[in-house]
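Q: model the following, please.
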Amino acid sequence: MANPAPVRSESDHTFAATVEGADRKLRADAQRNRAAILVAAEAEFRAHGVDASMDEIAHHAGVGVGTVYRNFPTKEALLQAVVTSRLTPLLDAAREAADAQDAGEAFFAFLRLLSDESAAFKALADRMAASGFDLTATKKDAMRDLLGAVGELLTRAQRAGRVRSDISIDDVSMLMAGLVQAGYAAPDPSMQTRCLALVCDALGTDVHTKLPSKDAAAGADGATVIS
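A: Numbers count the residues shown, from 1 in each chain. Here you go, the predicted structure:
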């Protein structure tokens, strides 16, 4: 005959609930610490490049340096996490926009978001690259996923008749990369907003300029990734 299951007393249930609550608090604290470290790290990397001190990052995050190393064993891991923390929300936004009823507005709204976020990250990205950090390799997988998601938004907008049918994701990528690069160097920040409006107008179906084929385009040697 099988032994009956042990009956848990009220004190046992109270202890289990206390442990579970403590675990949730620890997980929440760990998430807050990680988020604080990423915010502090981005600020320090902007100010000092990849030579930023892990001790200073810990100080500004309000945690011990051991906590920083438990989350990010190396500075390279921390740099990678900073880049990912910038790209992941964009990817999430692109995927969410794919369910929007107005496919055209969803596409153009995402281009505006992408322009703003890329401009905000441009200075830090340049500092990382100048310091020898392999930014391209770090964001390779995330950029592939992001381009795929933006490509889906583009296709939906084209099917809805809001974006001209002869535009490819490579065209969009090159336009956005050039816009961010030129906008960052412009003395007036509003120029990027103005030029983005022109880009959106050019992509819309009201414009009928015939584009040369890709094969005929001078110097075409592959797609440009969004910066």
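Q: show me where this structure has its helices.
A: Ranges of helices in the chain, per DSSP state H, are 10-48, 54-61, 65-71, 75-97, 103-130, 135-138, 140-159, 169-185, 190-203.
Q: give me the distance from the third one to the chain's centre.
A: Put plainly, it is helix 65-71. Its chain's C-alpha centre and that of helix 65-71 lie 23 Å apart, by Cα atoms, centre = their mean, to the nearest Å.
Q: could you say what helices and strands it packs with?
A: Helix 65-71 sits against helix 10-48, helix 54-61, with contacts defined as 3 or more Cβ pairs under 8 Å, 6 or more residues apart in numbering; DSSP states H and E. All C-beta spots, glycine's among them, are computed from the backbone N, C-alpha and C.
Q: lowest average pLDDT across these?
A: When these are compared by mean pLDDT, helix 10-48 comes last with a mean of 74.
Q: rewinding a little: TSV for the helices of the chain, including mean neighbour count?
A: Compiled in TSV, those are given as follows (neighbours: other Cβ atoms under 10 Å):
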stretch	mean neighbour count
helix 10-48	14
helix 54-61	18
helix 65-71	16
helix 75-97	17
helix 103-130	18
helix 135-138	15
helix 140-159	18
helix 169-185	18
helix 190-203	15
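Q: going by mean pLDDT, which of these comes out lowest?
A: Lowest mean pLDDT of the helices of the chain: helix 10-48, a mean of 74.
Q: domain-wise, how is this structure divided?
A: Domain assignment for the chain by automatic domain parsing gives 15-73, 83-208.
Q: against D102, how distant is the most centrally placed residue in the chain?
A: Geometric centre of the chain, nearest residue: L87, 1.3 Å, by Cα atoms, centre = their mean. According to Cβ to Cβ, to the nearest Å, L87 and D102 sit 25 Å apart.
Q: check S118 too.
A: S118 sits 23 Å away from D102, going by Cβ to Cβ.
Q: give the contact list for Q158.
A: For Q158, the contact set (Cβ atoms under 8 Å, 6 or more residues apart in numbering) comprises 164-165, 167.
Q: ok, now how distant is it from D51?
A: 46 Å.
Q: buried among the contacts of Q158? Need that as a selection in ChimeraX.
A: Those of the contacts of Q158 that count as buried under 16 or more other Cβ atoms under 10 Å are selected in ChimeraX with:
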select :164,167
